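> 3D, please:
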Amino acid sequence: MATLTEATATRRSAHRVRRRRVKAAPYLFVAPFVLVFAAFSAYPIFFALQLSFTDWHGAGALKITGLANYRYLLTSPDFWQSMATSGALWLLVVPAQVMLALTIAVALRKARFRGLFSAALIAPFVTPLVAMAQVWIILFDQDFGAVNHGLSSIGLPTIGWLTTSAWAKVTVALLVLWRTTGYAVILLMAGLSTIPADVYEAARIDGAGAWQQFWSITVPLVTRTLSFVVVIGTLTVFQLFAEPYVVTGGGPFNATRTAGLYLYKHITNSDLGLGAANSMLLVVMVLALSLASIRLLRSREDS
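Next up is the predicted model:
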């Protein structure tokens, strides 16, 4: 009897050990991600937030300044000029990117050699950015560029693409469009592939034309994908650094000094507290713009 009781107790103890191991297994699987996220994402974010309330130049103790950095930025014409430049680039890039990407995605939905077209579209996105920017400088050079040569060959005046404030923004926007639209097309093609063919079949039976199908079926059913494309485009534009830095250097007359370039100025000046405050304001503004864009698209979906 005692032996039976001991065996039962041993089995129960082993069962409890196995249950504890099973409960611990999920945490062990996610532990590497949590540790990496905490070390390289969560900690830098919280440290940057702390830094934004200090005057720190990379060495020595943190000198708490409260909201002084935020007051300086919110009253700085240079800060608002950089935000206005990023806003202008957003207006030039994101709406055009969404319309162009959706048009191409719809056109390629039933095209032959979709894989070949997809590879061609994604090629600019994976091409080294600095190399593309150098090509852009050559193409849009006022005196020897291929673009102005084409304009003059058909009797149109040449344009100072890199030397005039308005056209410099357009030049940078065209580079961003060329680099990122293919990625947006791939995303939208994936979204379009989830729409059942029966929906279009039923619409054709009811007499709906191609344009009615596009606005009444395609656009509402890919609204969530469009929202994601808008958010990615917004993040891309407000983080722009390499494109204006290489192509125009932020000029002419700071016309292409984006929010990313203005933030870079604080880093090069070792004004890390001000740079951290700048980055926090940038996060808030990008989040607000992204949420407003998503809400606008979702209102179309709900209606």
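> show the contacting residues for residue 212.
Counting by Cβ atoms under 8 Å, 6 or more residues apart in numbering, residue 212 makes contact with residue 203. No exception for glycine: its C-beta is placed from N, CA and C like everyone else's.
> what about it, which SS state?
For residue 212, the secondary-structure state derived from DSSP: H, G, I helix; E, B strand; the rest coil is helix.
> and the pLDDT for it?
Per-residue confidence for residue 212 comes out at a pLDDT of 87.
> next one: it from residue 86, what distance?
Residue 212 is 37 Å from residue 86, where distance means Cβ to Cβ, to the nearest Å.
> could you pull up the mean pLDDT of the host helix or strand of residue 172?
Using DSSP states H and E, residue 172 sits within helix 165-192. The average pLDDT for helix 165-192 rounds to 93.
> check which residues of that helix are buried.
167-177, 179-189, 191-192 (16 or more other Cβ atoms under 10 Å).
> kindly report the same for stretch 251-259.
Result for stretch 251-259 [16+ other Cβ under 10 Å]: buried residues 254-259.
> for stretch 40-60, same thing?
Going by neighbour count (16+ other Cβ under 10 Å), the buried part of stretch 40-60 is 48, 51-54, 56.
> that one: how far from the chain's middle?
Relative to its parent chain, stretch 40-60 has a centroid offset of 23 Å by Cα atoms, centre = their mean, to the nearest Å.
> straight-line length of that stretch, end to end?
23 Å (Cα to Cα, to the nearest Å).
> per-residue confidence averaged over that stretch?
Per-residue scores along stretch 40-60 average to 88.
> quick one: contacts of it?
Contacts of stretch 40-60 (Cβ under 8 Å, 6+ apart): 62-70, 270-273, 276-277, 279-280.
> which of these fall within strands?
63-64 (DSSP state E).
> one step back: okay, the buried residues of stretch 251-259 in CSV with distance to residue 298 next?
Listed next are the buried residues of stretch 251-259 as CSV, based on distance: Cβ to Cβ, whole Å:
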residue, distance to residue 298
254, 36
255, 34
256, 32
257, 33
258, 28
259, 26
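> among those residues, which pair sits farthest apart?
For those, the farthest-apart pair by Cβ to Cβ is 255 and 259; their separation is 14.0 Å.
> now do the shared contacts for these two.
residue 85.
> list phi and psi for residue 254.
Recorded main-chain torsions at residue 254 are phi 60, psi 20, according to degrees, to the nearest 10.
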